[in-house]
Each structure stands twice: as structure tokens, then as C-alpha cells.
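Enquirer: Okay, predicted coordinates and the sequence, questions at the end:
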Amino acid sequence: MWRKAAAVALLALAVGFFYHTDPELPERMLQYLSRSLPLPSPQADLNTPSLEEVIASAWQTLITAPARQWSRVAVGVNACVDVVVSGVGLLQALAIDPGEGRDHDVLTSKEDLKETFIHFMERGAAAERFFSDKEVFQRIARAAAEYPGAQLYVGGNAALIGQKLATYPQLVVLLCGPVGPKLHELLDDQIVVPPESLQEMDEYHLILEYKAGEKWGSTQAPQANRFIFSHDVSNGEMSALETFVASLEEFQPDLVVLSGLHMMEGMGRELWEDRLKEAVVAISDVRNEIPIHLELASMTDREYMSNIMQEQVIPIVNSIGLNEQELLFLTQVGSGPHSELVSWEGVPDVGRVSDILLWVLERHGRTDPESEADLTRIHFHTLAYHIIATVDGHWGNQASAVMAGARVASSQACGLQEVDVTKVTLKAPVQFHSSYQEPRESLTLNPSNPVTLWHRGNVTFHLSPVLVCRQPLRTVGLGDAISAEGLLYSELASQP
Ligand SMILES: *[C@@H]1O[C@H](CO)[C@@H](O)[C@H](O)[C@H]1NC(C)=O
């Protein structure tokens, strides 16, 4: 009983506090708190909008296009066709019999594929592997693409970002990457692919799905998951990078979006060491006045990440997009703030995230005008909220940009064009801090103006909550869509 009393007292305090800042808030705050505290529900009032409704409608009125919009965006360089198919169904169609599981780092044959698939299926764990035999892989890929019920999607971060940008009819989008006939057919008509990027064969990524409880021989999956494999040499070597940079001269973009660096990691140190140097040279060739956004994706090799972060790639781009895994990995590799964390637990703490973002910008970015670095913007996305951190004086319209990215995450995860407030839920904290350590600012989420802003040094932070889809349909490419949307609503400040 005393617990309930304490909770009620706390609630009274909280409501009292919010009442001073926004007299309309307590009702909604009550609804929010009643979901997270063990309290009897207050009488449901059908006329009071939910927090989700308030946030979604605030987005509709507050998100505005920047004064100066991009007109030509060049995107490169990873692209492929994702084939999603039943794992067991495909292996059966390939006349493979069930058996024992065994993990292989690299798949060299159908037998390796079977053993590795079973190894992960019986654990219900996700995994991704390289299939080294080109001929055998192509036969499997053909069988997968023709398997009844197989679904073919545009894949690869660059192609996915291009697809998102192409939903804006006023934009001309150039996509460079390995584009085969199938991918070309799947791409939006508005996307321009330079002839040098077209290749005879598609790069297929095979995504073998299995359901919770699904059986094959003596194997049973404890939960649904997917096993991914490919023989993707073009993307692994970023072979389209030079073509991409060369085509910029003629295309004259006002924004360049680059992704696919993470693909090289899997090719091994021998290859990436030299290739990364070449990549840095190529990226440096992009004219200085054209901003470059780099979308990071999952990496596991510390050495590789360390190379990307230190003087190599991050300092020579203007903007990066990343999620909580990549942010934590950055700080671990560079011994930055909170690098002792092994992983995030639950929703990443805003103060900690803010500390790491500031560190990245101060350490590898242009917070000091004397610095040689170009990095001035980070778009951070995690399930519950997003933050855009910018060095003051370089970017504009950040509030709309962070909200637009959050809105697209809230709709697209549910497979919808617009946010459906009955299908989403607020998971972002209502109260948080600008840092994990003192001195720090106490911050509050205001649902009717759902961007929280704070400053640290020469950096400004804009946070927007996400309305998290309760039953997500397809989350592949969600990060790419968030970053693309955030860029579309961003603009360069006229006088940096
Ligand atoms: C912030 O900018 C000022 C000049 O505008 C500069 O002197 C200072 O060193 C910068 N701070 C950091 C942390 O880079």
C-alpha cells in the first residue's frame, strides 16, 4: 500500500511540475504515467487525446520544409536484391536433407550452408555469412528467386536511401552501385543509374526466414529469425566507388550520400586496408562545397572501425547517420565516454548518448573552427527516439529534420505511409538529462511540441521521440529511410 501511496505522491508532484510549464499537459501525463506505474487507471476520457495522438498531430503542423531544398542528390555505393524466402523450403527445393548443425565462418558448399543454417536455426539467432563459390551461389540464388512465395526487394543502404529520396518528385536522384537487371526493374523510375553502374548479374542477398517453433528433421527453432548469405564481391570491395565519384563531375549534385563502407569489413584486413585508403582518396576528390553524408551500418571489427574513425573517413564527411550499436562501438573503439558499457540495456540513456555525440563532434568534427575536420552533423537513431546533433552555424531546420525522421520511422515500421496512432506507442523517456554527469540540464518531453533542444559547447542537440510500431512489419532499411528523410528536411546554413 505504501508503494502505491508513494507512487501517487510522485505522480502528484510530477503533474504539479508539468502544470506550471503547460497547463494542458497533466491529463495526458496522467495517461502516460498510468501505463508505467502500478496505479488504477483513471476513468478513461474518450475526448482526451492520447500522448501518441498529440505527438502525431504536432508533427503534422510543426514539420516544415527547409527554405532551400536539395534538387540533385547522388547516392552510392551498395545496392543489391534482397530475396526473402522460407529457409527450410528453399533447402528442401535444393534437395538438401536435414542433419546436424555446425557453424562455418565462410560457406564453401551447399553442405556448409545446411550445417550453418541449422546451427543458427536451432538457436533462433540471426547470422550473416559469405558464400565463396560463385557458381554454386548463383544456382542457389536462381532457385531462391524462383521459389514460390519468394519476395524480392530493393536492398543495400544506398539503393534504399535512393528509393526513399525518389518519393519526392522534385528531386533528381543518381544511384551508383552494382545494379543488375532485376534491381533496375525494382528501382523507382525517377532514379538515374549511370550506364557504368549497370551489370549483367544482380547481387543477390538471400534471406532465409524461419518461424518460431518451425521444425526441420530434428531441429526446431525456438524463435523466428533469419539467416542471410551472399556472394557479394562488388559491394564487398565497394567497386562502384570510383565510378560514383567520377560521375559526380557531370551530375553536379548538391548533396552526396555515401554508404556501404561496412561491406568491406567482411573481406578481411588484407583487402580493406588498401581499399579503405583508396576510398578515402576517392571521397576527398568530391568537391569541397558539396556536403557528404555517410550512413554507417553494423560493423564488428574494431581495427576497421578505428581506421574509419581516426583521420580516415569520419573527419572528411560533413554528416553521419548511425544507430545505438554503432555509436557505442565508436566510443568503445576510441575509448570515449561510456566506453566501459558492454551494451545498452533497454532504451539508451539520453545523457549518455549526448555525451558520446558531443565527444565524436569535438574529437573528430569541426566544433573548433580552426579544425581541419568537416564533420558537423550526426543523425542518431534508436528505436525509442532520435537526436540530431549539429555544430552551431552549419545546418538549419534541425527540429523539422529530426521530427521528420521520427515520423517516417513511426509509419514505415508499421508498413504505412502515415502514422496510425492506434498502432504505435511512446517508449521515449519523458524526463531525461543533457549529460550523464554533472553539470547537466534536466529536460522534459513536451508532447505538443515534441522536440527537446539543448546546447553543449558549440553543439546543439534536437531530440524527437519515435512512436514505436507495436507490431512492426518490415524493419529492413528503416535506418536508411530515417536518415534520408532527415537529410531532405535539412539545409546548409548560408554562412558557416
Ligand atoms: C567553439 O568555438 C569557438 C570559436 O567560435 C572556439 O574558440 C572554441 O575553441 C570552440 N570550442 C570547442 C570545444 O571546439
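Expert: Everything's here; your move.

Enquirer: can you list the residues of the stretch 251-400 of the chain near the ligand?
Expert: Residues of the stretch 251-400 of the chain found near the ligand, taking Cβ under 6 Å from any ligand atom as the criterion, are 362, 367, 368, 369. The C-beta positions use only the backbone N, C-alpha and C, and glycine is treated the same way.

Enquirer: 5 Å instead, please
Expert: Contact residues (Cβ under 5 Å from any ligand atom) of the stretch 251-400 of the chain with the ligand: 367, 368.

Enquirer: Which residue ranges of the stretch 251-400 of the chain form helices?
Expert: Assigned by DSSP state H, counting those that start in this stretch, the helices in the stretch 251-400 of the chain fall at 261-265, 269-284, 302-307, 324-333, 350-364, 398-412.

Enquirer: Domain-wise, how is the protein divided?
Expert: Structurally, the chain divides into domains by automatic domain parsing as follows: 2-48, 62-79+175-200+233-492, 81-155+202-230.

Enquirer: hang on, the earlier thing: mind putting the helices of the stretch 251-400 of the chain into CSV with mean neighbour count?
Expert: Converted to CSV, the helices of the stretch 251-400 of the chain look like this (neighbours: other Cβ atoms under 10 Å):
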stretch, mean neighbour count
helix 261-265, 23
helix 269-284, 15
helix 302-307, 17
helix 324-333, 21
helix 350-364, 23
helix 398-412, 26
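
Enquirer: can you put the ones you listed in a markdown table and add distance to residue 390 and mean pLDDT?
Expert: Below are the helices of the stretch 251-400 of the chain laid out as a markdown table (distance: least, Cβ to Cβ, whole Å; pLDDT from 0 to 100):
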| stretch | distance to residue 390 | mean pLDDT |
| --- | --- | --- |
| helix 261-265 | 22 | 82 |
| helix 269-284 | 21 | 86 |
| helix 302-307 | 23 | 85 |
| helix 324-333 | 16 | 93 |
| helix 350-364 | 8 | 97 |
| helix 398-412 | 6 | 97 |
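
Enquirer: Which helix or which strand is home to residue 152?
Expert: Residue 152 belongs to strand 151-155 when assigned by DSSP states H and E.

Enquirer: Kindly report the same for residue 83.
Expert: strand 80-86.

Enquirer: Neighbouring strands - and their directions - for that strand?
Expert: Looking at strand 80-86 with DSSP bridges, its partner strands are strand 151-155 (antiparallel), strand 204-210 (parallel).

Enquirer: So which of these has the densest surroundings on average?
Expert: strand 204-210 (a mean of 23; mean count of other Cβ atoms under 10 Å).

Enquirer: which element follows it toward the C-terminus?
Expert: strand 215-216.

Enquirer: which other helices and strands contact that following strand?
Expert: With contacts taken as 3 or more Cβ pairs under 8 Å, 6 or more residues apart in numbering; DSSP states H and E, strand 215-216 sits against no other helix or strand.

Enquirer: so what strands line up beside whatever helix or strand comes next after it?
Expert: Where DSSP H and E defines the elements, the next helix or strand beyond strand 215-216 is strand 219-220. Sheet pairing for strand 219-220, assigned by DSSP bridges, gives strand 215-216 (antiparallel).

Enquirer: just how off-centre is the strand holding residue 152 within its chain?
Expert: 18 Å (Cα atoms, centre = their mean, to the nearest Å).

Enquirer: And stretch 329-349, by the same measure?
Expert: Distance, centroid of stretch 329-349 to centroid of chain: 17 Å (Cα atoms, centre = their mean).

Enquirer: same check, this time on stretch 269-285
Expert: 23 Å.
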